[in-house]
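Enquirer: starting from these lines, generate the structure:
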Amino acid sequence: MDVLHDRVQPLVDLGAREFAQGEVTLDDDGHVVTYTVAPGDVEAVIAERLCAYPSLALLNHVRDLSPGQVLWLTPDPDSPWVPYFS
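Expert: Predicted structure coming up:
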């Protein structure tokens, strides 16, 4: 199973919390599509808030988060994969 593209169920927003205060965007069906990083947000806490495992960085090919950055949480399986530590 490819954990990046074969998610069994959609992400769930469990609500804002300390270190995960960003804005969540939903699609027409109410599924989480994007997350906009807020100042002070921490990747692991955002992932916990959205039940997004193994990590948000793997879904977005990023190593650092910055306020205002938009994380796309529905990866395109046709996009070429770039290893995180390459």
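Enquirer: so where do the strands sit in the protein?
Expert: 23-26, 32-36, 70-72 (DSSP state E).
Enquirer: so which elements touch the first one?
Expert: Counting contacts by 3 or more Cβ pairs under 8 Å, 6 or more residues apart in numbering; DSSP states H and E, the secondary-structure elements packed against strand 23-26 are strand 32-36. C-beta here means a position set from N, CA and C on the backbone, and glycine is covered the same way.
Enquirer: give me the below-cutoff pLDDT ranges for the protein.
Expert: 1-9, 54-55, 57-62, 75-86 (pLDDT under 70).
Enquirer: do that again at 90, thanks
Expert: Counting by pLDDT under 90, the chain contains low-confidence ranges at 1-12, 27, 29-33, 43-44, 47, 51-65, 71-86.
Enquirer: tell me where it has helices.
Expert: 43-50, 56-60 (DSSP state H).
Enquirer: so which of the strands of the chain comes closest to Ala16?
Expert: Proximity to Ala16 (Cβ to Cβ) singles out strand 23-26 among the strands of the chain, at 8.6 Å.
Enquirer: what residues of the closest one count as buried?
Expert: Buried positions in strand 23-26, judged by neighbour count with 16 or more other Cβ atoms under 10 Å: Val24.
Enquirer: partners of it in the sheet?
Expert: Strand pairing for strand 23-26, using DSSP bridges, gives strand 32-36 (antiparallel).
Enquirer: contacting residues around the strand it pairs with?
Expert: 10-13, 22-27, 46, 50, 56, 68-74 (Cβ atoms under 8 Å, 6 or more residues apart in numbering).
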